[in-house]
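Colleague: got a predicted structure here, sequence first:
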Amino acid sequence: MNPLIIRGVRPYGEGDPVDVLVRDGVIAAIGVVPGPDDDTEVVEGGGAVLLPGFVDLHTHLREPGREDTETIETGSAAAALGGYTAVFAMANTDPVADNAVVVEHVARRGREVGLVDVHPVGAVTVGLRGEQLAELGTMAKAGVRVFSDDGHCVHDPLIMRRALEYSKALDVVVAQHAEEPRLTAGAQAHEGAHAARLGLQGWPAAAEEAIVARDCLLARQVDARLHVCHVSTAGTADVLAWAKARGTDVTAEVTPHHLLLTDDRLETYDPVNKVNPPLRTAADVEKLRRALADGVIDCVATDHAPHAVQDKDCEWAAARPGMLGLQTALSVVVATMVETGLLTWRGVARVMSERPAEIAGLPDHGRPVEVGEPANLVLVDPDATWTVRGADFASIAANTPFEGMELPGRVVATLLRGRVTATSGRIPA
């Protein structure tokens, strides 16, 4: 690999622009870098903010089984264009990633594509059915660091307790999709005024909060780590704060769409706004933003969920829940957290890179922008604005709820171990 110089960037958005020399996949120098040799690649930063590459704990790449909506190749391209250097591919594929064969396939395809580090998430239970623990040990030996039945809640408390006990022994993380299914049967949208007026069966906040409270108690009892997926309610943030104050080893994520959108979007009846958990109220959104800023919620995760046109362009009740997120996540975080003064650029690095890497145990991601550290990096133009067009995304699908919105901040380039994987909105040939 040839040396690379990044000209005129500001690490964490601080100070005057500097140059960064990358050699053999590692940051070799920061400051005044001598002129390039003939074999040195140059990336012009133009005063961009330089951050550690983003890590997404919650991505649906759909392969194997639904390659008509996304593949590891197209999803990796979307991730690189969004500033990500590592993603965790959820287990609800077909076949389900509940054994070593499937997770090894996902990891191998990720390496073959090579745009981001693709880490397969293993299922907690066989077939995501919540009835019998999957092969956690063999998947852990195959390199799986995170286990989740995302899309389904591990609703049986005994099975969840056993999963947490095994996770402690294996030094892995169980990530829970918190949804009490007996409270959400037939639910279509957040239980509130909008759903009532539109005749949509309500999805109570307590369905999420009750499972989070239960699992925090279980995790504390067995002294295991718990991660809570896509937190969506103010009450869940309160439960997390309570649990953390008592020493529970629990972490949590929030999605970009739950930081920006509210259930008033139901008024359009557009299924692009249907998601699990559902969009909540403005009061929930405000609480989630502050919980993220305060560290009660640890990180941002996209829950990137591509769907075919026929699964979204239909009546609300028949539509599949989920939204694209990889290429808009940064901009939504800038709009909701940076421009509101809740986070600095160092804070963005914390919630989009450092904390997710720590939670998943990735030693080479989320590292400081310092000499000697791996060159997994993203350059961000903080002054840019752009208009979201789902048809222009790298994903096969186009189901973005941000269609037509003008959003701030844009990825200039992404580097994986010193190699440019995305630049100026395209994937290098």
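Modeller: Nice, I can see it.
Colleague: residue nearest the centroid of the protein?
Modeller: Residue closest to the average C-alpha location in the chain (CA atoms, centre = their mean): A301, at 2.4 Å.
Colleague: got the contact list for that residue?
Modeller: 56-58, 229-230, 253-255, 356 (CB atoms under 8 Å, 6 or more residues apart in numbering). In short, each C-beta sits where N, CA and C put it, glycine included.
Colleague: tell me which entries of those lie within helices.
Modeller: P356 (DSSP state H).
Colleague: what about the contacts of A301, which are in strands?
Modeller: Cross-referencing the contacts of A301 against strands under DSSP state E gives 56-58, 253-254.
Colleague: want to throw these into TSV with distance to G404 and pLDDT?
Modeller: What follows is those, written out as TSV (distance: CB to CB, whole Å; pLDDT from 0 to 100):
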residue	distance to G404	pLDDT
D56	24	99
L57	28	98
H58	25	98
E253	27	99
V254	24	99
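Colleague: check which residues of stretch 96-110 are buried.
Modeller: Of all the residues in stretch 96-110, those buried under the rule 16 or more other CB atoms under 10 Å are 96-100, 102-107, 109-110.
Colleague: just give me the closest of the residues you listed to H152.
Modeller: Of all the buried residues of stretch 96-110, H152 sits closest to V96, with 10.3 Å by CB to CB.
Colleague: isn't the closest one right next to L128, touching?
Modeller: Yes: counting by CB atoms under 8 Å, L128 is a contact partner of V96 at 5.6 Å.
Colleague: and S167, which of the three is it?
Modeller: Three-state assignment for S167 (DSSP: H, G, I helix; E, B strand; the rest coil): helix.
Colleague: what pLDDT does P36 get?
Modeller: At P36, the model reports a pLDDT of 75.
Colleague: meant to ask about S148
Modeller: pLDDT, S148: 98.
Colleague: find the residue closest to it in space, skipping its chain neighbours.
Modeller: Nearest non-adjacent residue to S148, counting by CB to CB, 6 or more residues apart in numbering: A175, 3.9 Å away.
Colleague: could I get the full set of helices for the stretch 51-200 of the chain?
Modeller: Assigned by DSSP state H, counting those that start in this stretch, the stretch 51-200 of the chain shows helices spanning 72-81, 100-113, 136-141, 157-170, 181-184, 193-198.
Colleague: just put those helices in CSV and tack on mean pLDDT and distance to D149.
Modeller: Output for these, formatted as CSV (pLDDT from 0 to 100; distance: least, CB to CB, whole Å):
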stretch, mean pLDDT, distance to D149
helix 72-81, 98, 20
helix 100-113, 98, 14
helix 136-141, 98, 12
helix 157-170, 98, 9
helix 181-184, 98, 12
helix 193-198, 95, 26
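Colleague: Throw these into TSV and include distance to L326, thanks.
Modeller: Formatted as TSV, the helices of the stretch 51-200 of the chain follow (distance: least, CB to CB, whole Å):
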stretch	distance to L326
helix 72-81	4
helix 100-113	14
helix 136-141	24
helix 157-170	27
helix 181-184	26
helix 193-198	28
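Colleague: now, of these, which is deepest in the fold?
Modeller: helix 72-81 (a mean of 27; mean count of other CB atoms under 10 Å).
Colleague: can you pull out the strands in the stretch 251-400 of the chain?
Modeller: 299-300, 377-387 (DSSP state E, counting those that start in this stretch).
Colleague: winner for burial among those strands?
Modeller: Highest mean neighbour count among the strands of the stretch 251-400 of the chain (mean count of other CB under 10 Å): strand 299-300, a mean of 30.
Colleague: give me the contact list for that one.
Modeller: 57, 251-256, 259, 292, 329, 333, 351-352, 355-356, 359.
Colleague: just among the residues you listed, which is most surrounded?
Modeller: Most neighbours among the contacts of strand 299-300, by other CB atoms under 10 Å: M352, with 31 neighbours.
Colleague: quick one: end-to-end length of stretch 59-74, please.
Modeller: 12 Å (CA to CA, to the nearest Å).
Colleague: list the buried residues in it.
Modeller: Neighbour counts over stretch 59-74 (16+ other CB under 10 Å) mark 59-64, 66, 69-74 as buried.
Colleague: chain center to it: distance?
Modeller: Centroid displacement of stretch 59-74 relative to its chain, using CA atoms, centre = their mean, to the nearest Å, is 16 Å.
Colleague: quick revisit: I'd like the strands of the stretch 251-400 of the chain as JSON lines, with mean pLDDT and distance to L51 appended.
Modeller: Below are the strands of the stretch 251-400 of the chain laid out as JSON lines (pLDDT from 0 to 100; distance: least, CB to CB, whole Å):
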{"stretch": "strand 299-300", "mean pLDDT": "98", "distance to L51": "13"}
{"stretch": "strand 377-387", "mean pLDDT": "98", "distance to L51": "5"}
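Colleague: what about the strands in the stretch 1-150 of the chain?
Modeller: With DSSP E, counting those that start in this stretch as the criterion, the stretch 1-150 of the chain has strands at 4-11, 18-23, 26-31, 41-52, 54-59, 84-89, 117-120, 146-147.
Colleague: quick one, which of those strands gets closest to E339.
Modeller: Among those, if distance is taken as CB to CB, the winner is strand 41-52, at 13.8 Å.
Colleague: angle of that closest one against strand 4-11?
Modeller: Strand 41-52 runs at 30 degrees relative to strand 4-11, counting by axes from the mean of the first three to the mean of the last three CA atoms, to 10 degrees.
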